[in-house]
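In: no letters, just coordinates:
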């Protein structure tokens, strides 16, 4: 049996390497495939946490349906090759700042903050019945988190409309 820390470290390495591969890939199709690997690693993290339903949803919805949609859009728009940027603009600088803040927060949570849960305290047998199942996820989603769920759905709708408007080609008037 693989020790938990070793399994976590291997999965974390795969997740981080696939995320970096996605970010630095010049080919949009390869970037999408790296993202599928990342989604798979996250699904295994969910399995380790005894949330099998969420892991199944992760694989089915994200690694399946969403990635098919991404690949379809990439092929439809003909964006297989991303253009190389040589200058640093505002978005790149903001991304570096946000990434640095994220790394500092993660380092604080991992190394400096005392652990609130002792090592090995989460046991799959000690979890309540139905933990991570469709009933408990649905109840939490539509009772406790209904406002964030609706805000997310409106945000996705606006993003979809924006993508359609931006991709619409303008034809010259005759």
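Out: Ah, there it is. This one's a predicted model, so the numbers in the text were calculated from it and none came from an experiment.
In: flag the shaky bits of the chain, pLDDT-wise.
Out: Applying pLDDT under 70 to the chain flags the ranges 1-2, 78-86, 92, 109-110, 113-125, 169-174.
In: center of it - which residue?
Out: residue 39 (6.5 Å; Cα atoms, centre = their mean).
In: against residue 96, how distant is it?
Out: Relative to residue 96, residue 39 is positioned 25 Å away (Cβ to Cβ, to the nearest Å). Yep, even glycine has a C-beta here, placed from its N, CA and C like the rest.
In: over to residue 56?
Out: Counting by Cβ to Cβ, the gap from residue 56 to residue 96 is 35 Å.
In: what of residue 73?
Out: 27 Å.
In: likewise residue 36?
Out: In terms of Cβ to Cβ, residue 36 sits 26 Å off from residue 96.
In: and what of residue 150?
Out: According to Cβ to Cβ, residue 150 and residue 96 sit 33 Å apart.
In: now residue 131: closest residue in space, sequence neighbours ignored.
Out: Distances taken as Cβ to Cβ, 6 or more residues apart in numbering place residue 50 nearest to residue 131, at 6.6 Å, with adjacent residues excluded.
In: right, I mislabeled it, should have said residue 134
Out: Using Cβ to Cβ, 6+ apart, the nearest residue to residue 134 is residue 53, at 5.5 Å.
In: if we can go back for a sec, residue 36 and residue 96: who's more crowded?
Out: Ranked by neighbour count (other Cβ atoms under 10 Å), residue 36 and residue 96 place residue 36 first, with 19 against 11.
In: for that one, give me its contacts.
Out: 63, 67 (Cβ atoms under 8 Å, 6 or more residues apart in numbering).
In: rerun at 10 Å
Out: Residues counted as contacts of residue 36 (Cβ atoms under 10 Å, 6 or more residues apart in numbering) are 18, 22, 59, 62, 63, 64, 66, 67, 70, 71.
In: next, the closest residue in space to residue 127 that isn't next to it in sequence: secondary structure please.
Out: The spatially closest residue to residue 127, leaving aside those adjacent along the chain, is residue 50, at 5.8 Å (Cβ to Cβ, 6+ apart). Here residue 50 is coil, with the state taken from DSSP: H, G, I helix; E, B strand; the rest coil.
In: burial measure for residue 50, as a count.
Out: 16.
In: can you give me the domain boundaries for the chain?
Out: 1-85, 133-174 (automatic domain parsing).
In: right, I'll leave it there.
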